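Trainee: compute the structure for the input listed below.
(2 chains)
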2 protein chains.
Amino acid sequence: MDVAEALALRKTVRKFEKDGLILTRDQIEEMLALATLAPSECGLKPWRFVVVRDSARKEALYECCYRLELVREASAVVIVCGDSLAFLNAPEETFEGGGADATKHDGTGDYLKMLKRFNSSSEYQRFMLAVRSPSACAMALLLVAAERGVGSCPIFYYDEACLRKEFGIPDQWAIVMLCALGMPAAGAETFEKPDKSDVKAFVWHEGVEPMRF
Amino acid sequence: MDVAEALALRKTVRKFEKDGLILTRDQIEEMLALATLAPSECGLKPWRFVVVRDSARKEALYECCYRLELVREASAVVIVCGDSLAFLNAPEETFEGGGADATKHDGTGDYLKMLKRFNSSSEYQRFMLAVRSPSACAMALLLVAAERGVGSCPIFYYDEACLRKEFGIPDQWAIVMLCALGMPAAGAETFEKPDKSDVKAFVWHEGVEPMRF
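Mentor: Residues are numbered from 1 along each chain as shown, chains lettered A, B, ... in the order given. Next up, the predicted model:
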């Protein structure tokens, strides 16, 4: 299945067949190993994953997700997080582009120092670090799942405080989204995909004309 | 090429062959049409794309990217943005899961109202809306590019104020990342991928043990 097919096939599953599919730790870790081939800023890999497979833990997760039924039905739910302080203890060689020709953009600056300064400069930048590439990872995970015939549902609404308490998620991690994985229930509804021609509504060329947004 | 292959093949290109590849508007829009098959919270599609192909505009972009040379060499650079207020004017049918069985999670609430409340509740939630699914889209775009033999480089460091001024990007849009697209220069370095076994460092099962982060 090629990427375009996986993108078209991936649909948000609304109902899973309970116990319809068992995903082992190894299977999930292998999917995550692929997903983490996503890029991250400076190679900092801020993504962190909490995998929930145990029934009792899924009940706790269900409560944290405003009683979204499919959380109970899912084979596994991956809580995708991002460490807003991933840059702090990163050794220099961690940085993608570490090395002679990457220490500067324009030949004058110290790139690594600039990046560390950038990340630590504001809450906004730390938040960006924590959310962007883990979101990219989550997308890769959904596509890997689609390719393997595993149904998925990204979950964007949840009680953060509940998740932190129940799953020990530290404050410095942003909780980015949850990816529920499982076997789609027979005849279950999925979301319709938009018509491709839609895209022009979201694209501007060379700049945003003030009248267009 | 399957998803796993595209993930492995996608590498951050450090140098493009200038004029090595011409990407037309139609080609880029078609790639973005695929990329926007990514999920978004409630189907709000907060992603917004500014496509830069013109040489003079690329010079301006180069200045906004701290003189990152590959910006000039790229065939096109897509400025991936997210509208933090995408929920404001969304008609009810926009919401993924609009319809009878999706109006509530637990059978007691009004789901749509809950979601609107959620999105408007804090700057943090609006920021999440603006960053998560556009980042997912960007990942899909990088994979679609990889599948087509188009080299790519995600750019995470740029002068936001410069981009807003030069490209008319409104304040309510978060600038999520830039995706430069082009033909990799012959012999150009790319970033190494981590060993797959790495993934265990990023995965916790059933909860985060306090000693592990």
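
Trainee: just the CA trace of the strand ranked longest in chain A, in PDB.
Mentor: Using DSSP state E to define each element, chain A has its longest strand at strand A:173-182. Provided in PDB are the C-alpha atoms of strand A:173-182 (Å, rounded to 0.1, in the frame of the first residue of the first chain):
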ATOM      1  CA  TRP A 173       5.400  16.900  29.000                       C
ATOM      2  CA  ALA A 174       2.600  18.300  26.800                       C
ATOM      3  CA  ILE A 175      -0.100  15.700  26.200                       C
ATOM      4  CA  VAL A 176      -0.400  16.000  22.400                       C
ATOM      5  CA  MET A 177      -3.100  13.500  21.500                       C
ATOM      6  CA  LEU A 178      -4.300  10.000  22.000                       C
ATOM      7  CA  CYS A 179      -4.200   7.300  19.300                       C
ATOM      8  CA  ALA A 180      -6.700   4.500  19.900                       C
ATOM      9  CA  LEU A 181      -5.900   1.300  17.900                       C
ATOM     10  CA  GLY A 182      -8.100  -1.700  17.300                       C
END
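
Trainee: by contact count, what packs against that strand?
Mentor: With contacts defined as 3 or more Cβ pairs under 8 Å, 6 or more residues apart in numbering or on different chains; DSSP states H and E, the packing partners of strand A:173-182 are helix A:69-73, strand A:76-83, helix A:123-147, strand A:151-155, helix A:160-167, helix B:123-147. For the C-beta atoms, the positions are set from N, CA and C on the backbone; glycine is no exception.

Trainee: buried residues in the last one, which are they?
Mentor: Taking 16 or more other Cβ atoms under 10 Å in any protein chain shown as the neighbour-count basis, helix B:123-147 is seen to contain the buried residues B:125-147.

Trainee: pLDDT below threshold where in chain A?
Mentor: Across chain A, the stretches falling below the confidence threshold (pLDDT under 70) are A:89-114, A:189-197, A:210-213.

Trainee: okay, which residue is most central for it?
Mentor: Ranked by distance to the mean C-alpha position of chain A (Cα atoms, centre = their mean), the top residue is residue A:138 at 2.8 Å.

Trainee: make sure that one is actually in contact with residue A:176.
Mentor: Yes. Contact between residue A:138 and residue A:176 holds when scored by Cβ atoms under 8 Å: they sit 6.6 Å apart.

Trainee: which neighbours do those two have in common?
Mentor: Overlap of the contact sets of residue A:138 and residue A:176 (by Cβ atoms under 8 Å, 6 or more residues apart in numbering or on different chains) consists of residue A:80.

Trainee: OK, contacts around residue A:87?
Mentor: Contacts here follow Cβ under 8 Å, 6+ apart; on that basis residue A:87 touches A:42, A:44, A:115-116, A:119-120, A:129.

Trainee: rewinding a little: now the element after the longest strand of chain A, going C-ward?
Mentor: Toward the C-terminal end, the helix or strand that comes next after strand A:173-182 (DSSP states H and E) is strand A:203-205.

Trainee: so how far is that following strand from its chain's centroid?
Mentor: Once both centres are worked out by Cα atoms, centre = their mean, to the nearest Å, strand A:203-205 turns out to sit 26 Å from its chain's centre.

Trainee: kindly report the same for stretch A:27-36.
Mentor: Averaged over its C-alpha atoms, stretch A:27-36 has a centre that lies 12 Å from its chain's centre (Cα atoms, centre = their mean).

Trainee: could you list the residues in contact with that stretch?
Mentor: Counting by Cβ under 8 Å, 6+ apart, stretch A:27-36 makes contact with A:45, A:47, A:49, A:51, A:53, A:76, A:78, A:137-138, A:140-141, A:144-145, A:148, A:181, B:3-4, B:7-8, B:194, B:196-200, B:202-203, all of which sit outside it.

Trainee: perfect, I'm done here.
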